[in-house]
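1. Below is the sequence, then the predicted model.
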Amino acid sequence: MSSNGRGPEQSPAPRSSLRVRVGIAALVLLGVLGFVVAALIGSSDDDADSAVTASGAVERVIPSPGDEVLQQQQVAVVLDARYRLSSLVVYASEQAGSGIDVTAEVNHIEGLNRFEFNPGEGQLIEALSPDTNCAVATFVLIARPEEADTARWCFEVS
């Protein structure tokens, strides 16, 4: 018995310990949920790039699919080092009608294997058309130039 004559006192420790465990479990669950959300958000960019082409040749396109850009926006494609650009055609709308082949005015940055076209005065395209524009890049594997592949992407111009 205790000194006050009532019997042994029960400590609140088990109840407090249970709260701590539940709190830790909740924090772990929130952390896992955070990782899942981050992975889903991060994968949306990958999905956009994979929608550009089925092959692994294209590392990046500029502007990104669905981007809204200005009329002087550069149009570019970055290819894996094993590939080279054959042609770049820019279309004034999503329809694959008559595009403008700007290949002759494409600049190649070798170290990055980046092929870029800049609209401007004296160029085949002085300014991108308002609304939807699309680009089609055709490229070949340097080791097998007879095998061509294409990447097509669209973006909005304001």
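-> Right, received. Where do you want to start?

2. Residue 136 pairs with what?
-> Counting by DSSP bridges, residue 136 is bridged to residue 89, residue 152.

3. From residue 115, how far out is it?
-> Using C-beta to C-beta, to the nearest Å, residue 136 is found at 13 Å from residue 115. Where you see a C-beta, it was placed from the backbone N, CA and C, and this is true even at glycine.

4. now residue 103
-> Counting by C-beta to C-beta - residue 103 and residue 115 are separated by 9 Å.

5. And those two? Which one has more around it.
-> Legend: neighbour count by other C-beta atoms under 10 Å for residue 103 and residue 115, higher for residue 115 (23 against 16).

6. what helix or strand is that one on?
-> For residue 115, the host element (DSSP states H and E) is strand 114-117.

7. All the strands of the chain, in order from the start?
-> Secondary structure of the chain (DSSP state E): strands at 58-62, 68-69, 75-79, 83-91, 100-101, 107-109, 114-117, 131-141, 144-157.

8. Tell me which of those sits most buried.
-> A comparison of the strands of the chain by mean neighbour count, using mean count of other C-beta atoms under 10 Å, puts strand 75-79 on top with a mean of 23.

9. My guess is residue 81 contacts residue 113. True?
-> Yes: the criterion here is C-beta atoms under 8 Å, and residue 81 meets it with residue 113 at 5.3 Å.

10. okay, these two: which has more neighbours?
-> Set side by side, residue 81 and residue 113 show more neighbours around residue 113, with 19 against 11, by other C-beta under 10 Å.

11. how close does the more buried one get to residue 158?
-> From residue 113 across to residue 158, the span is 30 Å (C-beta to C-beta).

12. just residue 109 next, same as before
-> Distance from residue 109 to residue 158, counting by C-beta to C-beta: 27 Å.

13. What of residue 86?
-> According to C-beta to C-beta, residue 86 and residue 158 sit 30 Å apart.
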